[in-house]
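**Student:** Predicted model and sequence follow; I will ask about them next.
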Amino acid sequence: MGVPGKMATGSASVGRSILVVDGDPSVRDFLAGALRERYDVALAAGVDEAVELIGASDFDLVITDLGLPDATGLTVLACAKSRDEFVEVLMISGNATVDSAAAAVNNGAGSYLLKPFALNELRGRVEKMMAMRAFHLKSLMLMKDSDLVSPAVKGHVDDLASLYHFTRKLTLTLEISEVMRITLEEANCKADAKFCTIEVCLPDYREIYSMPQAGEFDRAAQGGVFVENWADAFVGIDKERFQSGAVPHYVYRGRRGEFSAAAAYKCLNFPLVVTGKTIGSLTVWLAANADIDERRSRYLHILTSFTSPVIEHVYLDLQTRLQAKTDNLTGIANHRYFYEALEREIARANRKKSVFALLLADIDDFKAINDTYGHQTGDAVIVDLAKRVSENIRTGDVAARYGGEEFGVILPESDPVGALAMSKRICESISGTPYAGAKHEIPYTASFGLACYDGNNPVKKDELILSADSALYKSKTDGKNRVTVAELKG
């Protein structure tokens with residue numbers, strides 16, 4: 001067990017202390033040996049020890065394993081951040097996934113390191129994070145002494161500190177919604193705006209995010225303000241598409257308080273540009289008789305220069321993650337994503353004591369279609385079924401290609417009555433109209449098995465799937481082209 005606090009360890013100095021949390025004694029010893037030459041190092045074997053040390057001492061960097069004997073490293077991360085928002089946290093793991101890395105970064109980890117790692121890689125990462133920490137501490141000292149300097153210099157120091165805090169928050173997330181929230185919040189504060197908007201104009205994404213400085217702005221009223229000022233506010237989204245509802249519009253709540261509407265608005269547009277390419281814009285909405293000075297305008301230009309590449313990156317990251325979880329033939333979710341989504345829905349239902357439904361579907365006599373018309377036409381029928389399923393489910397539902405010609409649909413917050421009605425609608429949409437190909441018109445049907453999950457009577461994932469699959473088999477044996485409801489016992 002290491003000693004907490006700012007211990008004197010030769011060359012180590014105040015402001016350079018590290019807490020190492022790992023359940024493996026050999027890893028703790030390795031990290032301590034690698035770092036003690038330059039830093040004060042305290043050691044903890046698990047969450048309880050770490051929480052105790054964090055409560056008693058000020059650490060500049062916390063290095064924690066993701067998997068600990070008594071809990072997860074995310075608990076250590078949360079504890080460290082609750083004591084000091086700007087403490088550096090390096091998460092390490094031997095079995096990380098994209099989702100676990102995202103969870104760590106989104107909760108404030110400054111970096112992520114996979115085992116096994118090289119000593120030089122560790123030291124380089126620690127040096128970088130300690131440099132960021134030192135910059136933060138020096139910024140605080142400047143702010144403390146800024147009353148002694150001229151107002152112009154003080155304003156410049158204030159802006160530097162604001163940009164530092166903003167970029168730190170911005171780069172500690174991989175989630176699009178959080179990037180937008182952080183950016184809109186900062187723009188509202190600096191511009192003293194009524195509200196701010198961000199439009200995204202990427203090849204596969206056209207959407208708008210908005211946030212008032214305080215309270216809530218009625219979505220319909222805000223849409224009216226958009227339309228009245230469209231030419232000044234947006235650079236790449238078509239007004240008619242927005243009015244038709246084809247452009248997603250995400251609205252955040254502002255700070256505490258009530259929204260104060262203006263009689264009329266004017267907007268200032270700041271393009272989001274990456275390597276000469278406009279990917280959207282940030283728009284500041286002011287009362288018609290208000291304005292912003294040169295300093296605030298300059299700050300917003302700098303802010304967008306920081307934000308633009310981050311926005312592009314998170315959308316590319318989203319695209320990559322979606323592609324990894326998308327079926328190449330149908331374009332809907334693949335087998336892997338189906339299981340991940342089902343596990344999340346079970347956990348949510350157990351936590352909230354809510355219900356959801358699982359629907360499995362299988363094309364009837366699919367071998368005969370392949371044998372008669374060929375595999376290319378068979379693939380086209382699979383794509384057709386995926387399209388019909390997608391057209392008959394809600395936005396929050398998950399449709400996935402479960403296997404060959406079999407599909408799975410997860411219906412959150414669906415009770416047995418609603419889930420059965422939707423399942424019958426899907427079944428009828430398939431049987432009601434033949435598939436129309438270039439050479440053939442092919443009538444086909446599908447059979448369905450429906451299982452409803454109740455968080456008050458939880459069962460295991462495999463048991464839920466087996467119940468839906470058994471109900472699907474019964475639909476097949478009872479004549480096909482029908483929905484059978486499973487009797488699932490908790």
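**Tutor:** Good, I have the coordinates.
**Student:** dump the residue contacts of Y453.
**Tutor:** Contact partners of Y453, counting by Cβ atoms under 8 Å, 6 or more residues apart in numbering, are 345-346, 349, 355-358, 459, 464, 488. (Glycine included, C-beta is placed from N, CA and C.)
**Student:** And for A109?
**Tutor:** 77, 89-91, 172.
**Student:** which regions of the stretch 1-150 of the chain lie under the pLDDT threshold?
**Tutor:** The stretch 1-150 of the chain contains residues with pLDDT under 70 at 1-15, 95-102, 106, 139-150.
**Student:** residue ranges of the helices in the stretch 101-250 of the chain, please?
**Tutor:** Assigned by DSSP state H, counting those that start in this stretch, the helices in the stretch 101-250 of the chain fall at 119-145, 151-170, 176-191, 219-228, 230-233, 239-243.
**Student:** I'd like the average pLDDT over the third one.
**Tutor:** Taken as a whole, helix 176-191 has an average pLDDT of 92.
**Student:** do the same with the fifth one
**Tutor:** For helix 230-233, the per-residue pLDDT values average out at 94.
**Student:** Check the offset of that helix from the chain's centre.
**Tutor:** 29 Å (Cα atoms, centre = their mean, to the nearest Å).
**Student:** which residues are in contact with it?
**Tutor:** Outside helix 230-233, the residues touching it (Cβ under 8 Å, 6+ apart) are 197, 226, 239, 266-267, 269, 283, 285.
**Student:** Would you mind listing which of these are buried?
**Tutor:** In terms of neighbour count (16 or more other Cβ atoms under 10 Å), the buried residues within these are 197, 226, 266-267, 269, 283, 285.
**Student:** Please convert those residues to JSON lines, extending it with distance to R298 and pLDDT.
**Tutor:** Below are those laid out as JSON lines (distance: Cβ to Cβ, whole Å; pLDDT from 0 to 100):
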{"residue": "T197", "distance to R298": "20", "pLDDT": "97"}
{"residue": "F226", "distance to R298": "26", "pLDDT": "95"}
{"residue": "K266", "distance to R298": "19", "pLDDT": "95"}
{"residue": "C267", "distance to R298": "18", "pLDDT": "94"}
{"residue": "N269", "distance to R298": "15", "pLDDT": "94"}
{"residue": "T283", "distance to R298": "17", "pLDDT": "97"}
{"residue": "W285", "distance to R298": "19", "pLDDT": "97"}
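**Student:** Next step: the residues you listed restricted to helices.
**Tutor:** Judged by DSSP state H, helices contain the following of the buried ones among the contacts of helix 230-233: F226.
**Student:** Tell me which residues of stretch 248-260 come out buried.
**Tutor:** Neighbour counts over stretch 248-260 (16+ other Cβ under 10 Å) mark 249, 251-252, 254, 259 as buried.
**Student:** With just CA atoms, put it into CSV.
**Tutor:** This file holds the C-alpha atoms of stretch 248-260, laid out as CSV (Å, rounded to 0.1, in the frame of the first residue of the first chain):
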residue,chain,number,x,y,z
PRO,A,248,-33.9,16.0,-37.3
HIS,A,249,-34.0,18.9,-34.8
TYR,A,250,-32.6,18.1,-31.3
VAL,A,251,-33.5,20.6,-28.5
TYR,A,252,-31.6,20.9,-25.2
ARG,A,253,-32.9,22.6,-22.1
GLY,A,254,-30.9,25.7,-21.0
ARG,A,255,-29.7,26.7,-17.6
ARG,A,256,-32.1,27.1,-14.7
GLY,A,257,-34.7,29.8,-15.1
GLU,A,258,-37.3,30.8,-17.6
PHE,A,259,-36.8,31.5,-21.3
SER,A,260,-37.4,35.1,-22.2
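**Student:** Just give me how far that stretch sits from the chain centre.
**Tutor:** The chain centre lies 20 Å from the centre of stretch 248-260; the measure is Cα atoms, centre = their mean.
**Student:** now stretch 114-128
**Tutor:** Relative to its chain's centre, stretch 114-128 lies at 27 Å (Cα atoms, centre = their mean).
**Student:** what are the C-alpha coordinates of that stretch, in CSV please?
**Tutor:** Only the C-alpha atoms of stretch 114-128 are listed here, as CSV (Å, rounded to 0.1, in the frame of the first residue of the first chain):
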residue,chain,number,x,y,z
LEU,A,114,-4.5,-1.1,-23.4
LYS,A,115,-2.5,-3.9,-21.7
PRO,A,116,0.1,-4.9,-22.5
PHE,A,117,1.7,-1.5,-23.1
ALA,A,118,5.3,-0.4,-23.5
LEU,A,119,7.1,1.5,-20.8
ASN,A,120,7.8,4.4,-23.1
GLU,A,121,4.2,4.5,-24.1
LEU,A,122,3.1,4.8,-20.5
ARG,A,123,5.7,7.5,-19.6
GLY,A,124,4.8,9.5,-22.7
ARG,A,125,1.1,9.4,-21.9
VAL,A,126,1.7,10.4,-18.3
GLU,A,127,4.0,13.2,-19.3
LYS,A,128,1.4,14.6,-21.7
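**Student:** Would you mark the buried spots in that stretch?
**Tutor:** Neighbour-count burial for stretch 114-128, counted by 16+ other Cβ under 10 Å, picks out 122, 125-126.
**Student:** ok, of those, which one's closest to K387?
**Tutor:** For the buried residues of stretch 114-128, the minimum distance to K387 (Cβ to Cβ) is 46.8 Å, reached by R125.
**Student:** who's in contact with the closest residue to the closest one other than its chain neighbours?
**Tutor:** Leaving aside its chain neighbours, R125 sits nearest to S111 (5.5 Å; criterion: Cβ to Cβ, 6 or more residues apart in numbering). By Cβ under 8 Å, 6+ apart, the contact set of S111 is 90-91, 125, 128-129.
**Student:** List just the nearest of the residues you listed to V51.
**Tutor:** Nearest to V51, judged by Cβ to Cβ, of these is M91 at 16.4 Å.
**Student:** Please identify the helix or strand for that closest one.
**Tutor:** Here M91 sits within strand 88-93, counting by DSSP states H and E.
**Student:** partners of that strand in the sheet?
**Tutor:** strand 61-65 (parallel), strand 111-114 (parallel) (DSSP bridges).
**Student:** okay, now the domains of this protein?
**Tutor:** Annotated domains of the chain cover 17-140, 171-323, 335-485 [automatic domain parsing].
**Student:** quick one: average confidence on the last one?
**Tutor:** So that's domain 335-485. Regarding domain 335-485, the rounded mean pLDDT is 93.
**Student:** Kindly check the end-to-end length of it for me.
**Tutor:** Domain 335-485 has an end-to-end distance of 22 Å (criterion: Cα to Cα, to the nearest Å).
**Student:** The second one now?
**Tutor:** For domain 171-323, the first-to-last residue distance is 23 Å (Cα to Cα).
**Student:** longest single helix anywhere in this structure?
**Tutor:** Ranked by number of residues, the top helix in the chain under DSSP H is helix 294-324.
**Student:** Return the residues in contact with M129.
**Tutor:** By Cβ under 8 Å, 6+ apart, the residues touching M129 are 61, 88, 90, 110-111.
**Student:** want to try JSON lines for the residues you listed, with distance to D293 as columns?
**Tutor:** Shown next, in JSON lines, are the contacts of M129 (distance: Cβ to Cβ, whole Å):
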{"residue": "L61", "distance to D293": "39"}
{"residue": "E88", "distance to D293": "35"}
{"residue": "L90", "distance to D293": "40"}
{"residue": "G110", "distance to D293": "34"}
{"residue": "S111", "distance to D293": "37"}
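**Student:** I am finished for the moment; much appreciated.
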